[in-house]
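S.K.: sequence first, then the predicted structure, then my questions.
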Amino acid sequence: MLTILGKPTRKNGQFCDGVSRRSFLKIGGMALGGISLPGVLRAESENQSGSHHKAIINIYLPGGPSHIDLWDPKPDAPKEIRGEFNPIKTNVPGIEICELFPRMATMMDKFIPVRTISDADGRHDAYQCMTGRKFGSRQPPGGWPAAGAFVSRLQGPVNSAVPANVAL
């Protein structure tokens, strides 16, 4: 079984970020035996049909309802934990979302609910998720760029009439 970020058995067997030496070597071995990024990019450029840009729509609503109320309902949890809304089935087997999203439930196969985000500090805020940096780390003037900024920088403009990135 492959576990890249599994828990090592000894504290002294891991790097400062919690990755064990064994896991680090597994990652390196996969990189050596796998397809390299230049190879993937070369194959994509040789593709006759061409590729098109993909969009990232990141909706961040601070102060909104809990993820348990909207995206990760817990119908079997005690009433105090599960929230006030009922789950409904979606067009993807095994995924249920809040009853407030009936239209989204019909097209859930077009979305990816991310239910595994965790930060290193347990602060329950979006700083690390949005920037990839720990809170309190030294920042450049203006702060760290958000995901949309670096994706648009890497992808380039799709159409000169449409901005590559909009943050609300």
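M.R.: Great, that's in hand.

S.K.: domains of the chain?
M.R.: 1-51, 57-116, 118-158 (automatic domain parsing).

S.K.: where do the strands sit along the protein?
M.R.: 87-89, 96-98 (DSSP state E).

S.K.: what comes into contact with the last one?
M.R.: Same thing as strand 96-98. Here strand 96-98 makes contact (CB atoms under 8 Å, 6 or more residues apart in numbering) with 69-71, 73, 75, 85-90, 104-105, 108, 113. C-betas here are computed from N, CA, C, even on glycine.

S.K.: over to the first one?
M.R.: Contact partners of strand 87-89, identified using CB under 8 Å, 6+ apart, comprise 73, 75, 96-99, 101-102, 105.

S.K.: if we go to 6 Å?
M.R.: 73, 75, 96, 99, 105 (CB atoms under 6 Å, 6 or more residues apart in numbering).

S.K.: what sits closest to the third one if chain neighbours are left out?
M.R.: The one in question is Glu96. Pro87 (3.9 Å; CB to CB, 6 or more residues apart in numbering).

S.K.: for the one you found, the count of nearby residues, please.
M.R.: Residues contacting Pro87 under the criterion other CB atoms under 10 Å number 17.

S.K.: pLDDT value on it, please?
M.R.: What the model reports as pLDDT for Pro87 is 92.

S.K.: just Ile95 next, same as before
M.R.: The model's pLDDT for Ile95 equals 91.
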